[in-house]
Structures are given as structure tokens and as C-alpha cells.
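In: sequence and predicted structure are below.
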Amino acid sequence: MEQQAGAGTLLGLFLPFVIMMVFFWLVLIRPQQKQQKQRQEMLNSLKKGDRVVTWGGIHGEITALKEDIIHLKIADKVEVKLDRSGVQNRINKG
């Protein structure tokens with residue numbers, strides 16, 4: 001009978017921690033994973049002609065794509081290369 005009481009006390013001791021872990025997973029970790037997945041899908045779907053904004057705030061149009069390098073036209077006769085991960089978001093689909 002003492003073993004059953006000890007098991008109940010142990011469960012009562014760890015239950016709040018388990019509930020907190022589930023809460024943190026639902027509120028913090030899961031939404032962050034979803035956001036990372038959406039960002040990766042956006043980066044993978046970039047194509048020539050898309051207008052984008054970089055993390056530095058530069059607006060431009062994609063002129064060429066290679067693996068992880070993007071050529072971005074930011075003004076007439078001005079083109080820069082940047083990593084694909086440097087794109088913050090797409091303004092419109094080309």
C-alpha cells in the first residue's frame with residue numbers, strides 16, 4: 001500500500017512538468033516549426049522574375065538562380081549576387 005501511495009506522489013510531482021512541456025510545445029515549438037517550413041517552401045519556390053525583399057531591405061527582381069545563389073537586379077545595370085537564404089519575402093510571383 002505504501003508503494004501505491006509513493007507512485008501517486010511521484011505522478012503528482014511530475015504531472016505539472018509534463019503539462020508545462022506540452023504547453024511549451026503547443027505554444028512555442030510547433031508554430032516555429034510551421035513558420036520554418038513555410039519559409040523553406042517559399043525559398044525553394046523562388047524563380048526568375050520574382051520580386052523579392054532581402055533581409056537588408058533591398059528590393060529587386062531575380063534575374064538568375066543557381067543552387068543557393070540568386071542574382072538580383074536592384075537598378076538598371078546593377079545586379080548583385082546573394083545567398084538564397086538572404087531573401088526575406090517575395091513581393092509577388094513573377
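Out: The structure has been received and is ready for your questions.
In: spit out the contact partners of L13.
Out: Contacts of L13 were listed using Cβ atoms under 8 Å, 6 or more residues apart in numbering, and none were found. For glycine as for every other residue, the C-beta is placed from the backbone atoms N, C-alpha and C.
In: host element of it?
Out: helix 2-24 (DSSP states H and E).
In: could you list the low-confidence segments of this protein?
Out: 1-8, 93-94 (pLDDT under 70).
In: try it again at 90.
Out: Counting by pLDDT under 90, the chain shows low-confidence ranges at 1-16, 24-26, 28-29, 67, 92-94.
In: circling back to that earlier point, and the helix or strand that the helix holding L13 is followed by, what other elements does it pack with?
Out: Toward the C-terminal end, the helix or strand that comes next after helix 2-24 (DSSP H and E) is helix 30-44. Counting contacts by 3 or more Cβ pairs under 8 Å, 6 or more residues apart in numbering; DSSP states H and E, helix 30-44 packs against strand 87-92.
In: strands paired with the strand it packs on, and their directions?
Out: strand 51-54 (antiparallel) (DSSP bridges).
In: what's the strand it pairs with in contact with?
Out: For strand 51-54, the surrounding residues in contact (Cβ under 8 Å, 6+ apart) are 46, 59-62, 72, 82, 86-92, 94.
In: good, wrapping up.
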